[in-house]
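Asker: What follows is a predicted protein model with its sequence.
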Amino acid sequence: MAAVVQYGPQAGEVEVRDVPVPELADGTVLLRVAAVGVCGTDVHQLYHTRKSSAGLPVTLGHEFAGTIAMVGSDANGSDSVVFREGDRVVSETAESICGACAYCRAGHYNVCPHRRGFGFRANGAMAAYVRVPVRCLHHVPDGLDIGVAALAEPCCVAYNAVIERSAVKPGDSVLVLGPGPIGLLSLAMARLSGADTTVVAGLSSDAARLGMARDLGATYTVDLQSQDIREMVRGIGDGYGVDLVIDASGSSRALGTAMDAVRPMGQITKVGWGPEPLDISLDPIVAKAATLSGSFSHTYQTWERVIGLLSARALDTAPLVGLRVPLNEWRDGFEAMHQGRVVKSVLYP
């Protein structure tokens, strides 16, 4: 079968290859992929370098949904949730966890030290089929489009950052740094949580995405290259700053912006990744007695809540998807995101 494979650690070392259909193992299913979202990390793996070649070659893709084609032995065990051939499902991203460490035992398997994710250290879903442990699966409700379900994963990232790792109350003010997919979905989660004033900030090159943020209900948008964020937040509420900053930018400079904008006793939640060294003082965190938190991935309950929101139409991902293409046109989907022409691309194997 055809698959989008990263075969080396250097920029550009991604191509379509013919790979075997995965063999089932105990506790797994063979999933016929219906749709797979292109994540910013997938784009990074094509256009930038990777720190190591561990796990390569690997099929990319960790945002996916499809139909169960075959169920392996012991897949259902004694669990009350049963998965059968023909079921429409969406998958979590942790292809492998140890199941025995303190974090797995406490239900926080998203931070298992031995975790291997689809599309990075385990073969992902940019292919016709992918092997998935049954513990990763969630049923897709009737009436929920399978292409929409494939984008549950970035919704879960935003849900975890804004609702589970942060404390948003009705009437709060929220600033989102970075109008990419996670930033825009974080805006949606802040609004669902009752935030009164929402601000999305980006660069001049993000003009189209900032326009989308306004369409999605942002109270204000800010071009950080031409506007002073500190002046902006002084005009919000009592002028002391915003209650919560979600840093979804991946830039180390964004943390400085966050510290400028957050109010005393406020919170900064960092969900964006970035390799740049931090060359600023963290003293404003101390002076403001603010809370700085990281947010990574998601767990079972996050997925169940997000699937419910998508099914109820309380969360709409359609405005983010600017390109839908077959798998053999994968490069078009990657390039459109890399060039900023679309927020999100979805591939259909």
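Answerer: Right, received. Where do you want to start?

Asker: And what about the residue lying farthest from the centre of the chain, helix, strand or coil?
Answerer: Seen from the C-alpha centroid of the chain, the residue lying at the greatest distance (C-alpha atoms, centre = their mean) is Asp238, 32.8 Å away. Classification of Asp238 using DSSP: H, G, I helix; E, B strand; the rest coil returns coil.

Asker: quick one, strands of the stretch 51-200 of the chain?
Answerer: Using DSSP state E, counting those that start in this stretch, the strands of the stretch 51-200 of the chain run over residues 58-59, 63-71, 88-91, 94-96, 116-117, 129-133, 137-139, 173-177, 197-202.

Asker: Tell me which of those strands sits most buried.
Answerer: Of all the strands of the stretch 51-200 of the chain, strand 173-177 has the most neighbours on average by mean count of other C-beta atoms under 10 Å, namely a mean of 29. No exception for glycine: its C-beta is placed from N, CA and C like everyone else's.

Asker: Contacts for that strand, please.
Answerer: Residues from elsewhere that reach strand 173-177 (C-beta atoms under 8 Å, 6 or more residues apart in numbering): 162, 168, 183-184, 186-187, 190, 195-202, 213, 218, 229, 233, 236-237, 242-249, 254, 257-258, 261-262, 272.

Asker: again with stretch 248-259
Answerer: With C-beta under 8 Å, 6+ apart, stretch 248-259 has contacts from 40, 161, 175-178, 180, 182-183, 186, 201-202, 224, 229, 245, 247, 268, 270-274, 276-280, 282, 284-285, 288, 290.

Asker: among the residues you listed, which ones are buried?
Answerer: 40, 161, 175-178, 180, 182-183, 186, 201-202, 224, 229, 245, 247, 268, 270-272, 274, 284-285, 288, 290 (16 or more other C-beta atoms under 10 Å).

Asker: Please enumerate the helices of the stretch 1-150 of the chain.
Answerer: 40-47, 102-105, 146-149 (DSSP state H, counting those that start in this stretch).

Asker: quick one, which of the ones you listed is packed in tightest?
Answerer: helix 146-149 (a mean of 22).

Asker: For that one, the averaged confidence score.
Answerer: Average pLDDT, helix 146-149: 95.

Asker: now do stretch 68-76
Answerer: Per-residue pLDDT over stretch 68-76 has a mean of 88.

Asker: before we move on, what about stretch 311-325?
Answerer: So the average pLDDT for stretch 311-325 ends up being 96.

Asker: Start and end of it, how far apart?
Answerer: 24 Å (C-alpha to C-alpha, to the nearest Å).

Asker: which residues sit against that stretch?
Answerer: Taking C-beta under 8 Å, 6+ apart as the rule, stretch 311-325 contacts 141, 143-144, 147-148, 151, 155, 181, 184-185, 188, 192, 212, 215-216, 306, 309-310, 332-333, 336, 341-348.

Asker: now do 7 Å
Answerer: 141, 143-144, 148, 151, 155, 181, 184, 188, 192, 212, 215-216, 309, 332-333, 336, 341-348 (C-beta atoms under 7 Å, 6 or more residues apart in numbering).

Asker: Likewise for stretch 193-211?
Answerer: With contact meaning C-beta under 7 Å, 6+ apart, stretch 193-211 is reached by 162-163, 168-179, 183, 187, 190-191, 213, 217-226, 229, 232, 236-237, 242, 340, 343.

Asker: This completes my enquiry, with thanks.
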